[in-house]
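Novice: Fold the following for me, if possible:
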Amino acid sequence: MRTENELQGVTLLGNQHVQYSDNYNPSVLETFPNKHPENEYLVTFNCPEFTTLCPKTGQPDFGHIYISYIPRERMVESKSLKLYLFSFRNHGDFHEDCVNIIMKDLVALMDPKYLEVTGYFMPRGGISIYPFANYADAEHQELKEQRLREQFTLNIKH
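Specialist: The predicted structure follows:
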């Protein structure tokens with residue numbers, strides 16, 4: 001069981017009066033301590049209802065976001081991540097920008113060993129866009145390069 005000390009800073013989970021920000025808001029992100037920093041393990045979030053706006057037309061864009069990371073000392077709390085992703089609802093940016101913003105915000109928040117964000121966006125004008133961005137510390141550079149190479153093959157089959 002987590003102690004109160006370990007849960008300091010986790011304010012959104014269980015809170016019935018949470019405000020949903022529909023404008024980009026990275027300040028809602030919260031973390032908690034990783035109880036197993038000595039282990040190399042993977043955490044994956046599947047976010048099938050990501051919505052943002054086209055920066056030119058203001059039309060809604062719908063995507064499926066996958067976030068995977070190898071934690072170090074801190075981990076992102078899932079409800080805060082949900083609220084953060086929801087905050088893109090009225091954010092006007094290209095798909096590639098959103099994926100890179102998410103990656104950079106989570107790296108700054110947690111300082112993970114490795115992190116990747118993949119977006120699978122619904123077609124607009126007959127074209128789907130699948131941006132991928134990843135980050136790795138010095139010890140995980142080979143994984144970063146391998147995963148980037150794999151995306152060339154995976155995205156063609158999707």
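
Novice: which stretches of the protein form helices?
Specialist: For the chain, applying DSSP state H gives helices covering 78-86, 95-110, 141-157.

Novice: Comparing these by mean pLDDT, which bottoms out?
Specialist: Within those, confidence is poorest for helix 141-157, with a mean of 86 (mean pLDDT).

Novice: Tabulate the helices of the chain in JSON lines, adding columns for distance to F132 and mean neighbour count.
Specialist: Using the backbone N, CA and C atoms, a C-beta is placed for each residue, glycine as well. Formatted as JSON lines, the helices of the chain follow (distance: least, Cβ to Cβ, whole Å; neighbours: other Cβ atoms under 10 Å):
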{"stretch": "helix 78-86", "distance to F132": "17", "mean neighbour count": "19"}
{"stretch": "helix 95-110", "distance to F132": "7", "mean neighbour count": "19"}
{"stretch": "helix 141-157", "distance to F132": "5", "mean neighbour count": "12"}
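
Novice: Nearest to T3, out of those helices?
Specialist: helix 78-86 (19.3 Å; Cβ to Cβ).

Novice: by contact count, what packs against the closest one?
Specialist: In this structure, helix 78-86 packs against strand 43-53, with contacts taken as 3 or more Cβ pairs under 8 Å, 6 or more residues apart in numbering; DSSP states H and E.

Novice: hey, which helix or strand in the chain has the poorest pLDDT?
Specialist: Every helix and strand in the chain was compared by mean pLDDT, DSSP states H and E; the lowest is helix 141-157, with a mean of 86.

Novice: Which elements pack onto that one?
Specialist: If you count contacts as 3+ Cβ pairs under 8 Å, 6+ apart, helix 141-157 packs onto strand 114-124, strand 132-136.

Novice: burial count for the residue lying closest to P55 once chain neighbours are set aside?
Specialist: The shortest distance from P55 to any non-neighbouring residue, by Cβ to Cβ, 6 or more residues apart in numbering, is to G92 (4.0 Å). Residue neighbour count, defined by other Cβ atoms under 10 Å, stands at 17 for G92.
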